[in-house]
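Undergrad: got a predicted model here, sequence first, then my questions.
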Amino acid sequence: MFSATIRSVGLRARLASQLPVQAPVMIRNMSSAAPQKSDVIFSKTSSPELDETLTTILHRIVLPYRLPALQRKMVFSEEYRSRLQTDPIVIEVDGYEHRFETLNFKKKDVPNSRAILLKAISLMKTRADWDNLVRLLNGYARSKRTIKLHDRFRMIREAGRTGNIWSIIEAMRHSEKSGLYLRHLPPVDEIMYWLCHKAVSNNWSASETKQAATWATIVMDILEEPEHRRPNQSLSPRALHREPQVLAQYLMLLAAQSVFHGNKLDAGGHVTKIAKILALEWPAGKGLLELHPVPEEQPNRSSKMLRAKVDYVEDFYLNYSPTRHISIAATTLKAIELAKQVVSPELAVKLDSIASGVTKEMEDRLSKRVESNDRRGWAMYDALLGPNQVKPQPAEVSTEAKSEETEAKA
């Protein structure tokens, strides 16, 4: 919670008598109390345009909803325009003072909340920019603005594309503020994709691979929290943290860390643990698409909204997204290739049975690659399994790993 100071010279006494005893915002003289630190005000960003966009959101969407109902009504009412000019309402939050003017929806004084949100997201490039995400989402939640599921998905994609996927994980960790919950498989897969991309696009460097694996572990832990459980958990065969395709992406990062930077030693037994769960949850010989087949009653995808429901909510979404299917299939095969170098021979055989089903699907995709336009999926496939696949640089083998190898041989 934060403490804010609000003043309106002629209105203070009248308003104070109309507020409930436990009003969320107190009305008092500016000099009577020092405002406490809050999570409301946006921090400076890398571009003037983004600063201006966030300031507009703050002044015209967020701060009005920090006012008591009566004052908010005055700000949004044209009939009080002249009164606000002579007897303004001023709010101070964390040392930031704002004087309200009349905001007329008909005159478009208040911007379209979705359009300006997407504009802000598109302008975020640096870590400092994305550090504003939780405050931005919290402001929208407190202002009773609903963020559509496909717009949340776009946030994840933009954060990943700019190398700031941690900001999404941070928002998930503070879901009580951000309102960002992971309760569906497609957005979880999207986050895991960008974590895998982080390691692969940096040539499996020791630092980036370790960080990606660490962040993936945090995501898996978050998925076990009650607030991030599926809304229809009783109707779903598995919890999200035990979904085979999620486990496979997680396994690739853990196994890559062991194989490329740990001399194939399973430090802590994490690779074996996740590989065992994967073998338990993934029916032998089944392909990725068979894990969540399309229902007999085909989903209605006749409109953008209905397509979004399938693409961003339903477990069987990969059947309608070849590029994401190719990406996760390639990641699964790479995970098994690497994990087999770490786990026991018995467990490796079980992983091979998973690979057989996924390989059949990939062979079908490969036969149609010439006419395929699924660039993201094929880019991941080429990086992981292609002739010119990404390989770690020799210099990236850590001193710690070499020391462990020496001790193991001694």
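TA: Looks like it came in fine.

Undergrad: ramachandran angles for residue 91?
TA: With angles defined as degrees, to the nearest 10, residue 91 sits at phi -120, psi 140.

Undergrad: list the beta-bridge partners for it.
TA: On the basis of DSSP bridges, residue 91 is bridged to residue 6, residue 98.

Undergrad: what bits of the protein have low per-residue confidence?
TA: For the chain, the stretches flagged by pLDDT under 70 are 1-38, 233-236, 394-410.

Undergrad: which helix in it runs the most residues?
TA: If you go by DSSP state H, the chain has its longest helix at helix 345-367.

Undergrad: in the helix or strand just after that one, what counts as buried?
TA: Counting by DSSP states H and E, the next helix or strand C-terminal to helix 345-367 is helix 375-385. Across helix 375-385, burial judged by 16 or more other C-beta atoms under 10 Å covers 377-381, 383-384. C-betas here are computed from N, CA, C, even on glycine.

Undergrad: export those to a markdown table and tack on distance to residue 332?
TA: Putting the buried residues of helix 375-385 into a markdown table (distance: C-beta to C-beta, whole Å) gives the following:
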| residue | distance to residue 332 |
| --- | --- |
| 377 | 13 |
| 378 | 15 |
| 379 | 16 |
| 380 | 11 |
| 381 | 11 |
| 383 | 14 |
| 384 | 10 |
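
Undergrad: what comes up buried for the longest helix of the chain?
TA: 347-348, 350-351, 354-355, 357-359, 361-362, 365.

Undergrad: tell me how many other residues crowd residue 192.
TA: Using other C-beta atoms under 10 Å, residue 192 is surrounded by 27 other residues.

Undergrad: what are the C-alpha coordinates of stretch 137-148, in PDB please?
TA: What follows is stretch 137-148 as a C-alpha-only set of coordinates in PDB (Å, rounded to 0.1, in the frame of the first residue of the first chain):
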ATOM      1  CA  LEU A 137       0.200  -3.700 -15.000                       C
ATOM      2  CA  ASN A 138      -0.600  -2.800 -11.500                       C
ATOM      3  CA  GLY A 139      -1.800   0.600 -12.600                       C
ATOM      4  CA  TYR A 140      -4.100  -1.000 -15.200                       C
ATOM      5  CA  ALA A 141      -5.400  -3.500 -12.600                       C
ATOM      6  CA  ARG A 142      -6.200  -0.700 -10.100                       C
ATOM      7  CA  SER A 143      -7.800   1.300 -12.800                       C
ATOM      8  CA  LYS A 144     -10.100  -1.600 -13.600                       C
ATOM      9  CA  ARG A 145      -8.700  -2.000 -17.100                       C
ATOM     10  CA  THR A 146      -8.800  -5.500 -18.500                       C
ATOM     11  CA  ILE A 147      -5.800  -6.700 -20.500                       C
ATOM     12  CA  LYS A 148      -6.800  -9.200 -23.100                       C
END
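
Undergrad: list of residues touching it?
TA: The contact list for stretch 137-148, computed with C-beta atoms under 8 Å, 6 or more residues apart in numbering, reads 39-40, 57-58, 61-62, 64-66, 113-114, 117, 171, 177-180, 308.

Undergrad: do that again at 10 Å, thanks
TA: 24, 39-42, 54, 57-58, 60-66, 113-114, 117-118, 132, 136, 152, 154-155, 171, 174-180, 305, 308, 312 (C-beta atoms under 10 Å, 6 or more residues apart in numbering).

Undergrad: and that stretch, how far out from the chain's middle?
TA: Stretch 137-148 sits 16 Å away from the centroid of its parent chain (C-alpha atoms, centre = their mean, to the nearest Å).

Undergrad: same thing with stretch 57-71?
TA: So, by C-alpha atoms, centre = their mean, the centroid of stretch 57-71 is 27 Å from its chain's centroid.

Undergrad: mind listing what's buried in it?
TA: Residues of stretch 57-71 classed as buried by neighbour count (16+ other C-beta under 10 Å): 57-64, 66-68, 71.

Undergrad: try stretch 288-308
TA: 288-289, 291-292, 299, 308.

Undergrad: I figured residue 95 was touching residue 41, is that so?
TA: Yes - counting by C-beta atoms under 10 Å, residue 95 does reach residue 41; the two are 8.3 Å apart.

Undergrad: as a check, name the ranges of all helices in the stretch 151-300 of the chain.
TA: For the stretch 151-300 of the chain, helices defined by DSSP state H, counting those that start in this stretch occupy the ranges 165-173, 175-178, 185-201, 206-223, 244-261, 270-281, 288-291.

Undergrad: just want the angle from the first one to helix 185-201.
TA: Meaning helix 165-173. Interaxial angle, helix 165-173 versus helix 185-201 (axes from the mean of the first three to the mean of the last three C-alpha atoms, to 10 degrees): 150 degrees.

Undergrad: just to be sure, residue 389 is in a helix?
TA: No - assignment of residue 389 by DSSP: H, G, I helix; E, B strand; the rest coil gives coil, placing it outside any helix.

Undergrad: leaving out chain neighbours, which residue sits closest to residue 313?
TA: Taking C-beta to C-beta, 6 or more residues apart in numbering, and ignoring the residues beside it in sequence, residue 313 has residue 184 as its nearest neighbour in space, at 4.9 Å.

Undergrad: wait, the one you found touches residue 312, no?
TA: Yes - taking C-beta under 10 Å as the definition, residue 184 is a contact partner of residue 312 at 6.8 Å.
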